[in-house]
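**Q** Everything below, folded, please.
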Amino acid sequence: MDTERLLKDLSYDFYKHVQEADRPEEENLTFSDIFPEISRTKRSYLANERLYSHQLRTVKALKSGKNVILISGSGSGKTEAWFLYSKDGNKTMVIYPTLALANDQISRLKDYSEAIGLKAEAMDSMRRKEMRRVSSSDILITNPAFLMTDMKRWVSGGPKILYGFAERMDLLVLDEFDFYDPRCIALLVSMIRLLRLLSPKNFSIAILTATLGNPEEMAEILTQINGKETEIIRGRPFRPENRVYVVIGKDLRSTWERVKLHKEEILRAAGRDIAESIDDFEKFKMKYYSIKEIARYLGIELPEAYVDPVEVITKYAEDDGVTIVFTRSIRSAEELYRRMLTEHPEISHRVATHHHLVDK
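**A** Have a look, this model is predicted:
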């Protein structure tokens, strides 16, 4: 659906911002060149895809014994970056914030591992009865809470579920690092220090994140922990063109004409940037809300910019694509839903609300 045409057809005034498409740099090397078994996985479509530069750099850095901080956007293959190192038999523990959030990655890792005869297992408090699988796994997936609880047992003499794996570990991966707040990061760093002290093997560390404010500081911390050089690798994200439309309202030109009648009065209370906005309709749209507040302060009545979200959303419901509408509250979502059903019953089978009070 063409949102710009839709809004124009409905006589809405708006302004837009376009974020250009982007794609990571690629190498002259395909996945099947270094992982031929990928053709036997559910992601066989990747076989002839070329590796991204940040993926190949990550593999090379890990193979040379370095720590890695990989900063790259969602959908840029961060999981494959470290797996291409681990697939050669390097025992790897992967820490996700919660395993519930990592189901897709767990499925992918198990799929990749089975193709080459390796075992990838997930372990948290819900899977404790399956602890016998830990010792035979090649890739172990867990979360910080379970690891912390288990590490307490290592020093208190309780049953050690993860220690048998940790003492053979070659690589520790912390994925979705941008999920954590500063307090959680400080706790994670302390856990890694303890893990290194308790483990007989000097494992490498890889941090995967979409963003990181000060990667140089984190790199110094990782190097202090295990004495290994830390390489910071940045990858461009895989991003389709993204268009943002800010809908102001209908019949905005009549409001603009009224503002021009009070131009001198408004300019005495405003800055130079407002003057340009009064003379140019496109700039006026960008400054509409600022001008509206100035006019209200001066006692100048302006017509309200009318927006009916139901009118717009209904058009999306007629489209073959999927549209997700976020509201301020559950109540707002239900009110929109009821209005759509009342005013446009013909699309009732194409619209639904989704929140925690709705049955799955």
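**Q** what does the helix or strand of the chain at the bottom of the mean pLDDT ranking contact?
**A** Here the helix or strand of the chain ranked lowest by mean pLDDT, DSSP states H and E is helix 272-279, holding a mean of 80. Residues outside helix 272-279 that contact it (C-beta atoms under 8 Å, 6 or more residues apart in numbering) are V259, K260, K263, I266, L267, K283, F284, M286, K287, S290, I291, I294. All C-beta spots, glycine's among them, are computed from the backbone N, C-alpha and C.
**Q** what's the burial count for the third one?
**A** Using other C-beta atoms under 10 Å as the criterion, K263 is surrounded by 13 other residues.
**Q** which ones are touching it?
**A** For K263, the contact set (C-beta under 8 Å, 6+ apart) comprises I278.
**Q** Torsion angles phi and psi at it?
**A** K263 has phi and psi values of phi -50, psi -50 when expressed as degrees, to the nearest 10.
**Q** Identify each buried residue in the least confident helix or strand of the chain, please.
**A** I274, S277, I278 (16 or more other C-beta atoms under 10 Å).
**Q** just stretch 14-30 next, same as before
**A** Buried, per 16+ other C-beta under 10 Å, within stretch 14-30: F14, P24, T30.
**Q** Please apply the same query to stretch 290-301.
**A** I291, K292, I294, A295, I300.
**Q** between those residues, which is nearest I161?
**A** In terms of C-beta to C-beta, no member of the buried residues of stretch 290-301 lies closer to I161 than K292, at 61.3 Å.
**Q** can you pull the contacts of the closest one?
**A** K292 touches L302, counting by C-beta under 8 Å, 6+ apart.
**Q** my guess is it is in a strand, correct?
**A** No. Assigned with DSSP: H, G, I helix; E, B strand; the rest coil, K292 falls outside any strand and is helix.
**Q** pretty sure E80 contacts Q55?
**A** Yes. With contact defined as C-beta atoms under 8 Å, E80 and Q55 form a contacting pair (6.0 Å).
**Q** Which one of the two is surrounded by more residues?
**A** The residue with more neighbours, out of E80 and Q55, is Q55; 29 against 23, by other C-beta under 10 Å.
**Q** What is the three-state secondary structure of that one?
**A** Q55 - assigned by three-state DSSP - is helix.
**Q** So what's the residue count around the closest residue to it other than its chain neighbours?
**A** Nearest non-adjacent residue to Q55, counting by C-beta to C-beta, 6 or more residues apart in numbering: A81, 4.3 Å away. By other C-beta under 10 Å, 27 other residues sit near A81.
**Q** residues touching A81, list them.
**A** By C-beta under 8 Å, 6+ apart, the contact set of A81 is H54, Q55, T58, V59, L70, L208.
**Q** and it, how far is that from F31?
**A** 12 Å (C-beta to C-beta, to the nearest Å).
**Q** And Y45, how close does it get to A120?
**A** 20 Å.
**Q** Neighbour count: the two, which is higher?
**A** Remark: of Y45 and A120, A120 carries more neighbours, 22 against 11, as counted by other C-beta under 10 Å.
**Q** That one bridge partners, please.
**A** Assessed by DSSP bridges, A120 has beta-bridge partners I139.
**Q** Likewise for I69?
**A** Here I69, judged by DSSP bridges, has bridge partners I207, I232.
**Q** Please verify my assumption that it contacts T230.
**A** Yes. Here I69 reaches T230: they are 6.4 Å apart, a contact under C-beta under 8 Å.
**Q** quick one: common contacting residues for those two?
**A** M218, A219, L222.
**Q** quick check: domain ranges of this protein?
**A** Domain assignment for the chain by the TED database gives 26-235, 251-298, 309-347.
**Q** And the strands in the stretch 151-300 of the chain, which stretches?
**A** 171-174, 204-209, 230-235, 242-250 (DSSP state E, counting those that start in this stretch).
**Q** for the shortest one, packing partners?
**A** This means strand 171-174. Using 3 or more C-beta pairs under 8 Å, 6 or more residues apart in numbering; DSSP states H and E, the elements in contact with strand 171-174 are helix 78-86, strand 92-95, helix 182-198, strand 204-209.
**Q** now swap in the longest one and tell me
**A** If contacts are counted by 3+ C-beta pairs under 8 Å, 6+ apart, strand 242-250 sits against helix 3-9, strand 12-19.
**Q** picking that back up, looking at the domains of the chain, which has the lowest confidence?
**A** Among the domains of the chain, domain 251-298 carries the lowest mean pLDDT, a mean of 85.
**Q** so how far is the first residue of that one from its last?
**A** Taking C-alpha to C-alpha, to the nearest Å, domain 251-298 runs 22 Å from one end to the other.
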